[in-house]
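In: no FASTA, just this:
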């Protein structure tokens, strides 16, 4: 299971993915601007901004898949990313899956 460490640094928002199945034990979460070209390619959180949407999109795409990310990243941003009032937070892959499942139930979508 993957674990996401999201931190605001002097260079911007950095996301480290801890992944035991990766040969290096983890990697930096790549932004996914090719999925939604209208978004910026830098991450943000703590506000309803394009960077927060990019973070939501990249997290869901990495934790689940691209199609699910495109369906739910705006709602995930509003529920999880924008409300953060801290300099760092963490999510597990399971956290992301459970939140998305809740969003799908709200919309009446089956997974």
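Out: That came through fine. Fair warning: this is a prediction, and the values are worked out from it, not measured in the lab.
In: Show residues contacting the one helix or strand residue 17 maps to.
Out: When secondary structure is defined using DSSP states H and E, the element that contains residue 17 is strand 12-18. Contacts to strand 12-18, defined as Cβ atoms under 8 Å, 6 or more residues apart in numbering, come from residues 2-7, 25-29, 42-45, 51, 55, 58-59, 62. To be clear about C-beta, it is placed using only N, CA and C from the backbone, and glycine gets the same treatment.
In: Okay, and which of these map to strands?
Out: 3, 4, 5, 6, 7, 26, 27, 28 (DSSP state E).
In: Any quick PyMOL command for the buried ones out of those residues?
Out: Buried residues within the ones in strands among the contacts of strand 12-18, by 16 or more other Cβ atoms under 10 Å, are selected in PyMOL with:
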select buried, resi 3+4+6+26
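In: which two of the ones in strands among the contacts of strand 12-18 lie the greatest distance from each other?
Out: Of all pairs drawn from these, the widest gap by Cβ to Cβ lies between 7 and 27 and measures 15.0 Å.
In: now this protein, which segments are flagged as low pLDDT?
Out: Applying pLDDT under 70 to the chain flags residues 109-111.
In: Let's see that with 90 instead.
Out: Low-confidence regions of the chain, defined here as pLDDT under 90, cover residues 20-23, 37-41, 106-111.
In: list the contacts for the residue nearest the centre of it?
Out: The residue lying closest to the centre of the chain (Cα atoms, centre = their mean) is residue 59, at 2.5 Å. Under the criterion of Cβ under 8 Å, 6+ apart, the contact list for residue 59 reads 4, 15, 29, 69, 76, 91, 96.
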